[in-house]
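Visitor: this one's structure only:
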């Protein structure tokens, strides 16, 4: 069986950054497996600007951001396979991939980096009443059809969900000549970045209706309109608030789900909250030598943070191979509480104390002037003030070796007054 | 005198700004820092945006190339620039950074390719 030191599953922003950093950490045998026809992943269809402000200190479009990493990978001579899908991953780090040229092939990996990304929540998971007419797309599908294939998906559009892709598509469709009538959001706050609300909706006078949802899709062959209703605090539609919007297209931007079928096959422990693997501070999953990064681990708002996280995964995978594994020693569990929905990592190794550890987390509502408290064994390890936090914006804090030295047992991260 | 309500996008705080224009004098209220005042004033005086789109490519490995204005353009020129982008058509290959339209709609900014499109191997 062919062997590679590191096999990376997915050639999007996470996989590319992991590959480059693994190489730079000294690993010369890195293979990236990508199912699409080119590297770059979802960035290829994200033609809008706003990427790279953290990584490159300039504002790039998605394809430009991808190109920088593709070049870095090519300059290093990193091997990659396109049009190749991974069908199975075993806990022993054997990978079964399939492509047209070779058929089904098994390879053995010293370490694996999972970088499969995420997918959109489809209509079937939303339970909207009505027939199944043409004209209903997830926002990302519409984005691909318009930006890659060049099809105009509709003329009169309603968007359900205020996730970033939905907001970006509201602007895209408006610039391409469509009329976007309304964006309805079930929650009392937007799931997207503020910048996108302003530059994609406010700029074009597109209304955002919070605490509203689509309760009926009209039309049998093609969408003819939707009914939008206000929802109460329990998120159930309020009778009597129904309003009809005529439209030929409904876009759904209702959440992203990490794509972890392969992780499940490998028996990797997944978090019920993030939908991604539970990892330690080195981004290693419950399977030894298997690391995870990017949207397969937890859904990110900004690709810059994906690149940073993936670089850590790649570095750690290279170290794992060079050292022939790692001594797991003791681990401190990290638990989210009081308004914090999850943390990544979910555990920190006690032998990692010299490193600075980045802990990313999300909150479950909009909070102003709160403190993020890190506690362990009754003691306060860290207390950080935040003027505003919202579910649509990922938060982070850093723990130093000194902080961890003060920890006795499990660590909690929660909000306090 | 004219007033406009804006959301500041300089940081995640998203302050609700009220910008009052009275002749040459512009006052911004609702901001909690200086960046908000600068943003509010620019948004009223001379708002600019980067415009992105796609252009069809004949004989390419993919059907379209993504493009952008190489710098920000005045916001009120956005739809004129889009009209020029819609009128463009290219033949493969296209190199990333290649100028597609010079001085689009008199905005002073070129429209450039943001992706490389090689020639199709089957064509």
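Guide: Perfect, thanks for sending it. Small disclaimer: the values here were computed from a predicted structure and weren't measured.

Visitor: residue numbers of the stretch 51-200 of chain A in contact with chain B?
Guide: A:59-64, A:67, A:146-150, A:175-176, A:193-195, A:197-199 (C-beta under 8 Å from any C-beta of the partner chain). C-beta coordinates here come from the backbone N, C-alpha and C atoms, glycine included.

Visitor: so which of those residues belong to strands?
Guide: Among those, the ones falling in strands (DSSP state E) are A:60, A:61.

Visitor: low-confidence stretches in chain B?
Guide: Along chain B, the parts satisfying pLDDT under 70 run over B:12, B:122-123.

Visitor: picking that back up, type out the ChimeraX command that picks the buried ones from the residues of the stretch 51-200 of chain A next to chain B.
Guide: Applying 16 or more other C-beta atoms under 10 Å in any protein chain shown to those, the buried members can be selected in ChimeraX as follows:
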select /A:60,61,62,63,64,67,146,147,148,175,176,193,194,195,197,198,199
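
Visitor: list the contacts of the most centrally placed residue in chain B.
Guide: The centroid of chain B falls nearest to residue B:50 when counting by C-alpha atoms, centre = their mean (1.7 Å). Going by C-beta atoms under 8 Å, 6 or more residues apart in numbering or on different chains, residue B:50 touches A:49, A:59, B:68, B:69, B:71, B:72, B:73.

Visitor: cutoff 6 Å now
Guide: Residue B:50 sits next to A:49, B:68, B:69, B:72 when contact means C-beta atoms under 6 Å, 6 or more residues apart in numbering or on different chains.

Visitor: likewise residue A:89?
Guide: A:95, A:262, A:265, A:266.

Visitor: over to residue B:56?
Guide: Here residue B:56 is in contact with B:64, B:89 (criterion: C-beta under 6 Å, 6+ apart).

Visitor: for it, which three-state class applies?
Guide: Of the three states, residue B:56 takes strand under DSSP: H, G, I helix; E, B strand; the rest coil.

Visitor: and the gap between it and residue A:103?
Guide: 36 Å (C-beta to C-beta, to the nearest Å).

Visitor: re the thing from before, which member of the contacts of residue B:50 is positioned nearest residue A:113?
Guide: The shortest approach to residue A:113 among the contacts of residue B:50 belongs to residue A:49, at 28.3 Å (C-beta to C-beta).

Visitor: who in chain B is up against chain A?
Guide: B:7, B:9, B:12-14, B:50, B:52, B:54, B:63-64, B:66, B:68, B:82, B:96, B:114-115 (C-beta under 6 Å from any C-beta of the partner chain).

Visitor: next up, the contacts around residue 115.
Guide: Going with chain A. A:8, A:10, A:14, A:15, A:18, A:293, A:294.

Visitor: ah, I was thinking of chain B
Guide: By C-beta under 6 Å, 6+ apart, the contact set of residue B:115 is A:63, B:65, B:66, B:96.

Visitor: would you say residue A:8 is within a strand?
Guide: Yes - assessed with three-state DSSP, residue A:8 lies in a strand.

Visitor: next, work out how far apart the closest residue to residue A:301 other than its chain neighbours and residue A:44 are.
Guide: Nearest non-adjacent residue to residue A:301, counting by C-beta to C-beta, 6 or more residues apart in numbering or on different chains: residue A:394, 5.5 Å away. Note on residue A:394: its distance to residue A:44, by C-beta to C-beta, is 23 Å.

Visitor: show me where chain B has strands.
Guide: All strands of chain B, identified by DSSP E, fall at B:2-7, B:16-22, B:25-29, B:48-49, B:52-58, B:64-69, B:73-74, B:90-91, B:99-101, B:111-113.

Visitor: can you list the weak-confidence ranges in chain A?
Guide: A:327-328, A:352-354.

Visitor: center of it - which residue?
Guide: residue A:299 (2.4 Å).

Visitor: that residue looks like it's in a helix, true?
Guide: No - applying three-state DSSP, one finds residue A:299 to be coil, outside a helix.

Visitor: ok, and the closest non-adjacent residue to it?
Guide: residue A:256 (4.6 Å).

Visitor: contacting residues for that neighbour?
Guide: Contacts for residue A:256 (C-beta under 6 Å, 6+ apart) come out as A:118, A:120, A:299.

Visitor: and chain B, what are its domain boundaries?
Guide: Annotated domains of chain B cover B:2-45, B:52-113 [automatic domain parsing].

Visitor: using TSV, lay out these together with distance to residue A:127.
Guide: Formatted as TSV, those follow (distance: least, C-beta to C-beta, whole Å):
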stretch	distance to residue A:127
domain B:2-45	32
domain B:52-113	34
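
Visitor: give me whichever of the ones you listed is most buried.
Guide: Mean neighbour counts were compared across the domains of chain B using mean count of other C-beta atoms under 10 Å in any protein chain shown; the top stretch is domain B:52-113, at a mean of 18.

Visitor: and that one, how far apart are its ends?
Guide: Chord length of domain B:52-113, first to last residue, is 10 Å (C-alpha to C-alpha, to the nearest Å).

Visitor: same deal with stretch A:138-147?
Guide: Counting by C-alpha to C-alpha, you get 14 Å between the two ends of stretch A:138-147.

Visitor: and that stretch, which residues are buried?
Guide: Neighbour counts over stretch A:138-147 (16+ other C-beta under 10 Å) mark A:138, A:139, A:140, A:141, A:142, A:143, A:144, A:146, A:147 as buried.

Visitor: chain center to that stretch, what's the gap?
Guide: How far stretch A:138-147 lies from its chain's middle: 17 Å, per C-alpha atoms, centre = their mean, to the nearest Å.

Visitor: bridging residues for the residue lying closest to residue B:85 once chain neighbours are set aside?
Guide: Leaving aside its chain neighbours, residue B:85 sits nearest to residue B:53 (4.3 Å; criterion: C-beta to C-beta, 6+ apart). Beta bridges link residue B:53 to residue B:67, judged by DSSP bridges.

Visitor: same thing with residue B:2?
Guide: With DSSP bridges as the criterion, residue B:2 is bridged to residue B:21.

Visitor: who touches the longest helix belonging to chain A?
Guide: Assignment by DSSP state H gives helix A:303-322 as the longest helix of chain A. For helix A:303-322, the external contacting residues (C-beta under 6 Å, 6+ apart) are A:5-6, A:13-14, A:17-18, A:21-22, A:25-27, A:51, A:54-55, A:110-111, A:113, A:282-283, A:289, A:291, A:293-294, A:300, A:326.

Visitor: show me which positions of that helix end up buried.
Guide: By neighbour count on 16+ other C-beta under 10 Å, the buried set for helix A:303-322 is A:303-321.

Visitor: the helices in the stretch 151-300 of chain A, which residues?
Guide: Taking DSSP state H, counting those that start in this stretch as the test, the helices found in the stretch 151-300 of chain A are A:164-175, A:194-196, A:261-265.

Visitor: taking strand B:52-58 as reference, get the angle to the longest one.
Guide: Right, helix A:164-175. If you take axes from the mean of the first three to the mean of the last three C-alpha atoms, to 10 degrees, helix A:164-175 sits at 70 degrees to strand B:52-58.
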